[in-house]
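1. next one to model:
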Amino acid sequence: MNLKIIFEDNHIIVVLKPRGVLSQAGDIAQPDMVNILKEYIKDKYNKPGNVYLGLVHRLDINVAGLMVFAKTSKAAKRLSEQIRNHDFTKKYLAIVKGSLNNDNGLLEDYIVKDEVKRQARLGDITNGKLAKLEYETLDKAMIFDEKYSLIKINLITGRFHQIRFQLSNAEHPILGDSKYGGFKPNREFFLGLYAYQIEFEHPTKKEQMIFNLKPEHKFFIQFAKLNDISWR
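-> The predicted structure is shown next:
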């Protein structure tokens with residue numbers, strides 16, 4: 001796999017996670033970012049023995065986009081604290097079916113994780129976890145003769161399959177997300193969800209760090225406003 005390193009210093013590494021790659025090794029025998037990056041660090045710096053790499057957040061295997069990893073335990077602890085305190089911002093782009101009622105809005109649901117089906121479902125205040133996200137419609141386009149919208153998402157909470165479930169529950173499933181009612185184009189391995197921006201405080205320098213990366217997949221680039229830098 002060709003790694004796309006966005007930023008690296010002695011404390012953190014920011015990288016593009018491709019579709020089809022796990023964030024961390026799991027039950028299925030597929031490549032994962034933690035082991036890929038450990039090998040990269042070991043080879044680049046000729047490190048003997050085990051290499052430390054801290055996983056502080058995840059992306060689903062089908063989701064591409066930006067991730068930051070910690071190269072020291074101190075950096076991992078401080079980044080994890082920012083995530084717990086909601087000081088770590090994650091923004092996404094999603095291609096969803098149809099047009100949302102409002103161009104800007106807030107989705108709030110209670111989500112339950114079905115451990116057997118590995119799927120999110122609707123809960124309530126007694127058995128679910130509150131899930132919140134903000135969205136903004138950026139553009140619209142026709143894909144396979146159907147109207148789709150490109151939306152920007154500010155993820156406020158980080159629940160299991162949150163974005164995918166909430167948009168499906170709002171009757172605007174993500175393109176390619178057959179698990180939650182989305183059309184899968186030509187059997188292609190594609191999910192129209194992309195983590196385009198992360199923002200956090202550097203764990204040691206205390207500087208605010210912000211990284212943006214535009215998706216290059218053919219379905220995303222059909223939206224003309226993707227090239228308009230003002231939306232970022």
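2. report the central residue of the protein.
-> Note on the chain: the residue nearest the mean C-alpha position is residue 195, at 3.9 Å, using Cα atoms, centre = their mean.
3. for that one, which non-adjacent residue is spatially closest?
-> Spatially, and ignoring its direct neighbours in sequence, residue 195 is nearest to residue 65 (2.6 Å; Cβ to Cβ, 6 or more residues apart in numbering). Just so you know, the C-beta spots here come from the backbone N, C-alpha and C atoms, and that holds for glycine as well.
4. the longest strand in this structure is where?
-> strand 129-143 (DSSP state E).
5. list the buried residues in it.
-> Neighbour counts over strand 129-143 (16 or more other Cβ atoms under 10 Å) mark 129, 131, 133, 135, 137-139, 141, 143 as buried.
6. tell me the two of those residues that are most distant?
-> Within the buried residues of strand 129-143, 129 and 141 form the most distant pair, 33.5 Å apart (Cβ to Cβ).
7. re earlier: right, and the helix or strand after the longest strand of the chain?
-> Sequence-wise, the next helix or strand beyond strand 129-143 is strand 146-155, with elements assigned using DSSP states H and E.
8. any idea of the mean pLDDT in the helix or strand just after that following strand?
-> Sequence-wise, the next helix or strand beyond strand 146-155 is helix 162-169, with elements assigned using DSSP H and E. Per-residue pLDDT values across helix 162-169 average out to 96.
9. quick check: residue 230 is in a helix.
-> Yes. Secondary structure of residue 230, determined by DSSP: H, G, I helix; E, B strand; the rest coil: located in a helix.
10. for the residue sitting furthest away from the middle of the chain, what are phi and psi?
-> Taking Cα atoms, centre = their mean, the residue of the chain most remote from its mean C-alpha position is residue 48, at 32.3 Å. For residue 48, the backbone dihedrals (degrees, to the nearest 10) come out as phi -80, psi 160.
11. may I ask which helix or strand encompasses residue 110?
-> In the assignment (DSSP H and E), residue 110 maps to strand 104-114.
12. so where do the helices sit in the protein?
-> With helices called from DSSP state H, the chain shows them at 33-44, 73-84, 162-169.
13. pick the most deeply packed of the ones you listed.
-> Ranked by mean neighbour count, the helices of the chain are led by helix 162-169 with a mean of 23 (mean count of other Cβ atoms under 10 Å).
14. if we can go back for a sec, gap between the residue nearest to the centre of the chain and residue 90?
-> Distance from residue 195 to residue 90, counting by Cβ to Cβ, to the nearest Å: 6 Å.
15. who's in contact with stretch 72-91?
-> With Cβ atoms under 8 Å, 6 or more residues apart in numbering as the test, stretch 72-91 has contacts from 10-12, 52, 54-57, 68, 70, 152-156, 158, 195-201, 203-204.
16. span of it from start to end?
-> In terms of Cα to Cα, to the nearest Å, the two terminal residues of stretch 72-91 are separated by 25 Å.
17. stretch 193-211 too?
-> With Cα to Cα applied, stretch 193-211 spans 17 Å between its terminal residues.
18. repeat that for stretch 65-76.
-> Chord length of stretch 65-76, first to last residue, is 20 Å (Cα to Cα).
19. residue contacts, residue 123?
-> Residue 123 is in contact with 110-112, 129, counting by Cβ under 8 Å, 6+ apart.
20. mind redoing it with 10 Å?
-> Under the criterion of Cβ atoms under 10 Å, 6 or more residues apart in numbering, the contact partners of residue 123 comprise 109-113, 129-131.
21. and what of residue 52?
-> When contacts are counted by Cβ under 10 Å, 6+ apart, residue 52 is found next to 38, 41, 70-73, 75-76.
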